[in-house]
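J.: What would the 3D arrangement of this be:
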Amino acid sequence: MKILVVDDEKTLVKGIKFNLENEGYQVECAYDGAAAVELARNNKFDLLIMDVMMPEVDGLEACMRIREFSNVPIIMLTAKSEDSDKLMGFECGADDYLTKPFNILELKARVRALLRRAAGVQRSQGAVLTVGDLSLNTEERVAIRDGETVELTAKEYDLIELLMRNPRRVYSRENLMNVVWGYSYAGDYRTVDVHIRRLREKLEKNPAEPDHIMTKWGVGYYFKG
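T.: Below is the predicted model:
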C-alpha cells in the first residue's frame, strides 16, 4: 500500500512516515498543497494524509482539486477542532478527519480502516448490485446511474452500498457512523448529513425530491428501491 503524507511541519511528516513505514506501507511526502495535487495526479496512491493549513494551496483546496480526478481516500489533519471545520473538510471530499495533536495509534487505526474499506472485498452477492435504476459495481466500487458511471469517494461508496444492500431499513445517523466510519465523532452526526446530501446530488435525478435515498424524519435514512 502506497500512502502520501502532506504537511508543512516537516518534523511531523517525518514522524508519520517513520511509523507508517514500520507498519509496512510505502510512504511519499510533500510539504504543500500544490505538490500534493501534482503527486496525486501523476502517481497511484492508496491513501492520502493531508494537513488543512498549508502555504500556497491549503489542504481543503488541494482536496477539491484531487477530487476532480481521483477518489483516493483522504484523511485530513488540522489544529482546528470546531465542528464547522470538520464539516468543511467533508464538503471538500475528505473521507476522515483527525485533530492535532493526535495519537499515532489512532492515525494508524484510521489508516487501516480506510484502506480495508477501499479495498472492496469480494462479496458473495456478486460483482453488481442493482436496486431500481441504480447499480453498484462492487469490484470497482463505482455507482452506475442510467448506464453512466458515477465516481464516489470511499465513504460515499460505503454508505450507499450499506443502504442499497438493506432497502427500506431505516438507519439512524449514529448507526451509520458506527457501521460506515467504525467509530464515533463524539456526537457530530452531521457528517452523515453531508455525505447523504452529496450522494443525492450525484445519484438522484432531482436531489431536492429524491426517489431512492430517503429521510425518515426524526429517525434517520433509508434506501427506497
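J.: hey, let's count contacts and neighbours off CA atoms from now on
T.: OK.
J.: buried set for stretch 155-169?
T.: Buried residues in stretch 155-169, defined by neighbour count with 16 or more other C-alpha atoms under 10 Å: 155-164, 168.
J.: what sits against the residue nearest the centre of the chain?
T.: Taking C-alpha atoms, centre = their mean, the centroid of the chain lies closest to Asp95, which sits 2.4 Å from it. Residues in contact with Asp95, defined by C-alpha atoms under 8 Å, 6 or more residues apart in numbering, are 73-76, 153-155.
J.: Format those as CSV; extra columns: distance to Val128, secondary structure and pLDDT.
T.: Compiled in CSV, the contacts of Asp95 are given as follows (distance: C-alpha to C-alpha, whole Å; DSSP: H, G, I helix; E, B strand; the rest coil; pLDDT from 0 to 100):
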residue, distance to Val128, secondary structure, pLDDT
Pro73, 22, coil, 91
Ile74, 25, strand, 94
Ile75, 28, strand, 94
Met76, 31, strand, 92
Thr153, 18, coil, 88
Ala154, 17, helix, 85
Lys155, 18, helix, 88
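J.: Just among the residues you listed, which is most surrounded?
T.: Ranked by neighbour count (other C-alpha atoms under 10 Å), the contacts of Asp95 have Ile74 at the top, with 28 neighbours.
J.: That one - nearest residue in space that isn't next to it in sequence?
T.: Closest residue to Ile74 apart from its sequence neighbours, by C-alpha to C-alpha, 6 or more residues apart in numbering: Leu48 at 4.7 Å.
J.: correct me, but that neighbour touches Pro73?
T.: Yes: between Leu48 and Pro73 there is a contact under C-alpha atoms under 8 Å: 6.3 Å.
J.: what touches both of the two?
T.: With C-alpha under 8 Å, 6+ apart, Leu48 and Pro73 have no common neighbours.
J.: just the strands in this structure please.
T.: Here the chain has its strands, by DSSP state E, at 2-6, 26-30, 47-51, 74-78, 96-99, 128-131, 134-137, 142-145, 148-150, 213-216, 220-223.
J.: so how far is the first residue of stretch 139-154 from its last?
T.: The straight-line separation of the ends of stretch 139-154 (C-alpha to C-alpha, to the nearest Å) is 13 Å.
J.: and for that stretch, what are the contacting residues?
T.: Counting by C-alpha under 8 Å, 6+ apart, 71-73, 93, 95, 114, 117-118, 120-122, 127-128, 133-137, 157, 202-203 sit against stretch 139-154.
J.: Buried among the residues you listed? Make that a ChimeraX selection.
T.: This is how ChimeraX selects the buried members of the contacts of stretch 139-154, with burial counted by 16+ other C-alpha under 10 Å:
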select :71,72,73,93,95,114,117,118,120,128,134,135,136,137,157,202,203
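J.: Counting neighbours, show which residues of stretch 14-22 come out buried.
T.: Buried residues in stretch 14-22 (16+ other C-alpha under 10 Å): 16-17, 19-20.
J.: what's the distance between the helix or strand bottoming out on mean pLDDT in the chain and the middle of its chain?
T.: Taking mean pLDDT, DSSP states H and E as the measure, helix 83-91 is the helix or strand of the chain with the lowest mean score, a mean of 76. Averaging C-alpha positions (C-alpha atoms, centre = their mean, to the nearest Å) puts helix 83-91 12 Å from its chain's average.
J.: okay, the angle between it and strand 74-78?
T.: Angle of helix 83-91 versus strand 74-78, following axes from the mean of the first three to the mean of the last three C-alpha atoms, to 10 degrees, is 150 degrees.
J.: what packs against helix 83-91?
T.: strand 96-99, helix 190-203 (3 or more C-alpha pairs under 8 Å, 6 or more residues apart in numbering; DSSP states H and E).
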